[in-house]
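# I'll drop the sequence and a predicted model, then ask my questions.
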Amino acid sequence: MKCYSVAKYNLASVKKSMIIYYSIFISVLIVMSYLQKHYRDGNIVSSGIEISTVIFLFVIGLNFFKENFYFSQSNNISRKTYFKGTILSILTIAAIASLLDVIINRVYNLFTKSPTGYDMIFTSFRDLETAGTTSIWIQNNDVVTLLNTFLLQFSVYIMIFTLGLTIVLIYYKCNKLMKTIISIGPIIIAGTFEKLFSEIGIFIQNILGWNTMNPYGAIGTFIVVFIILIGFIYLLVKKAIIKER
C-alpha cells in the first residue's frame, strides 16, 4: 500500500536526526555517569532525562510537514494516503523512541539512580522525594513497571509529536498577521486569566491520575489528545495548498 511507502519515506527523513540525537544523548549520559562516579556523592539522583526526547520529538514534529508533503504531492499520492502514512510513521517513531529510552534508562540506572517520569509520578519514588529519602530508592524492573513506563512515554511522545505537526500546519495556512496573533495570543490569555489557568491545572492533575497515582488516566488522556490532534491534522492537510518555495 502507498501509505506504507509514505511512512517509509517519513522514517527515512528522520533516521539521521534520530541517530545523531541518540548518539549525543548516550554520550552525555556516559559523561554524567563518569562524573557521578568520580567527582560526586553516589546518592545524587538524576531524574526525568527522557524530557530531552520530548523536546526532540516536538522539534521533529515542527519540521515534519513541508518537505514530506511536497514529496507526496509531486508523486501524485493522495492527501488521505499521505495522512495515513504520516500517522503510521509517527506511531513508529514514538514506539522506537520509547523503547530506546526505557532500555537506555535501565542501563543508566546501573551507574546512576535515574527515575523516569513514570517512576517520579506513579511509584514510591514520589513519597521518598517528599520525605527527602530518595537516596534509598531502588528502581522496579518488573514487567508491569516496564510496560507502564513504555506506554506512558509512548503516549506522551505521540501527543507531543502531533502537537508540533499541528502547530506547523496552522502556521503554514496563516499569513504573517495571523502567525503573530497565534504566537502571542496564548501568552496574553494566560496572563489575563491566571486564576482560570490555575483551576485548569488542578483539573489536569486529576485527569492525569496525579492524586490517585493511576498511570492509565494519564496514558488515556494523552491518547485522546493525540486523536483530537490528528483530527485537526487531517482537516488541515485536506485543505493545504502547495506554496512556492
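Looks like it came in fine.

# C-alpha from now on. contacts and neighbour counts both.
Fine.

# Just to check, residue 119 is in contact with residue 125?
Yes. The pair residue 119 / residue 125 is scored as a contact, 6.2 Å apart, by C-alpha atoms under 8 Å.

# Pick out whichever of these two has more residues nearby.
Counting neighbours by other C-alpha atoms under 10 Å for residue 119 and for residue 125 shows that residue 125 has the greater number, 22 against 19.

# any weak-confidence spans in this protein?
1, 39-46, 175, 178-179, 181-183, 185-198, 201, 243-245 (pLDDT under 70).

# And the helices in it?
2-39, 51-62, 66-74, 79-108, 117-122, 125-131, 143-173, 176-192, 194-207, 215-239 (DSSP state H).

# For residue 137, which of those is the nearest?
helix 125-131 (6.4 Å; C-alpha to C-alpha).

# List the contacts of the residue positioned nearest the centre of the chain.
The residue lying closest to the centre of the chain (C-alpha atoms, centre = their mean) is residue 157, at 2.8 Å. Contacts for residue 157 (C-alpha atoms under 8 Å, 6 or more residues apart in numbering) come out as 54, 57, 94, 98.

# Distance check, it against residue 59.
12 Å (C-alpha to C-alpha, to the nearest Å).

# what does residue 238 give?
With C-alpha to C-alpha as the criterion, residue 238 and residue 59 are 23 Å apart.

# now do residue 90
Distance from residue 90 to residue 59, by C-alpha to C-alpha: 13 Å.

# which neighbours do those two share?
In contact with both residue 90 and residue 59: residue 161, using C-alpha under 8 Å, 6+ apart.

# Please say which of the two ends up with more neighbours.
More crowded of residue 90 and residue 59, by other C-alpha under 10 Å: residue 90, with 23 against 16.
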